[in-house]
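Engineer: Dropping the sequence and predicted coords here.
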Amino acid sequence: MDAKTLCLAALSLGEASGYEIKKLLDQPPFDHFQDTGFGSIYPALTRLTRDGLLACTAQPQEKRPDKKVYRLTPEGEAELVAQLSKPPQPDRVRSDFLFVLFMSDLLPRATVGQAIDQRIALIEAELAEMRACEAEVVRPGHRFVLELGLAYYQAVLDFLRDNRARLVSADPAVSRPVERESAS
């Protein structure tokens, strides 16, 4: 999703300033979907307002510049629905953790075990956080995504626990590729 669609989605939950939108997009569940920065949010808000998809009002603040508060227009809501109706692009997974595991034959087994153990602890904390907010999630789409996330993280956690020994006790020399002779 592009920054414009993310801003429209955030504003579908209610009016907000650019700062509040950024804060919302940086917290669960939005932070699981896409990364966004102020450098993309504010230009997106400007374009959306210029195109009539958002309305903006200035709220005076004491000793600070006016706070711009954005809200969806009916055209903005229609645009959000149009963007969400397009087939999504395939997911792209980028993970430092997976890269470390991929290259684990170069590392001491204790380092590999520590990386896996740290990831297990991180996933356990994520699952606990998700379960803690489960009662508050009432919208069907939100609940579906929460349950899918719980299933995903639980499956990853189970896999890591069940298969940790495969990498931690593996002999790295067995899995190392044979060095190629240079063509000189």
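Structural biologist: Yes, it's here. Residues are numbered from 1 along each chain as shown.

Engineer: Secondary structure class of the closest residue to residue 26 other than its chain neighbours, three-state.
Structural biologist: The spatially closest residue to residue 26, leaving aside those adjacent along the chain, is residue 36, at 7.9 Å (CB to CB, 6 or more residues apart in numbering). Quick note: C-beta positions are derived from backbone N, CA and C, even for glycine. Three-state assignment for residue 36 (DSSP: H, G, I helix; E, B strand; the rest coil): coil.

Engineer: What residues does the spatially most central residue of the chain make contact with?
Structural biologist: Compute the mean C-alpha point of the chain, and by CA atoms, centre = their mean the closest residue is residue 32, 2.4 Å away. Contacts were defined as CB atoms under 8 Å, 6 or more residues apart in numbering; by that measure residue 32 touches residue 149.

Engineer: Please name every helix or strand in contact with the helix or strand where residue 75 lies.
Structural biologist: Residue 75 is part of helix 74-85, with elements assigned from DSSP states H and E. In terms of contacts (3 or more CB pairs under 8 Å, 6 or more residues apart in numbering; DSSP states H and E), helix 74-85 is packed against helix 3-11.

Engineer: So what angle separates the directions of the helix it packs on and helix 74-85?
Structural biologist: Interaxial angle, helix 3-11 versus helix 74-85 (axes from the mean of the first three to the mean of the last three CA atoms, to 10 degrees): 110 degrees.

Engineer: elements contacting helix 3-11?
Structural biologist: Using 3+ CB pairs under 8 Å, 6+ apart, helix 3-11 sits against helix 18-25, helix 38-50, strand 54-61, strand 64-72, helix 74-85.

Engineer: angle of the helix holding residue 75 against strand 54-61?
Structural biologist: Angle of helix 74-85 versus strand 54-61, following the same axes, to 10 degrees, is 120 degrees.
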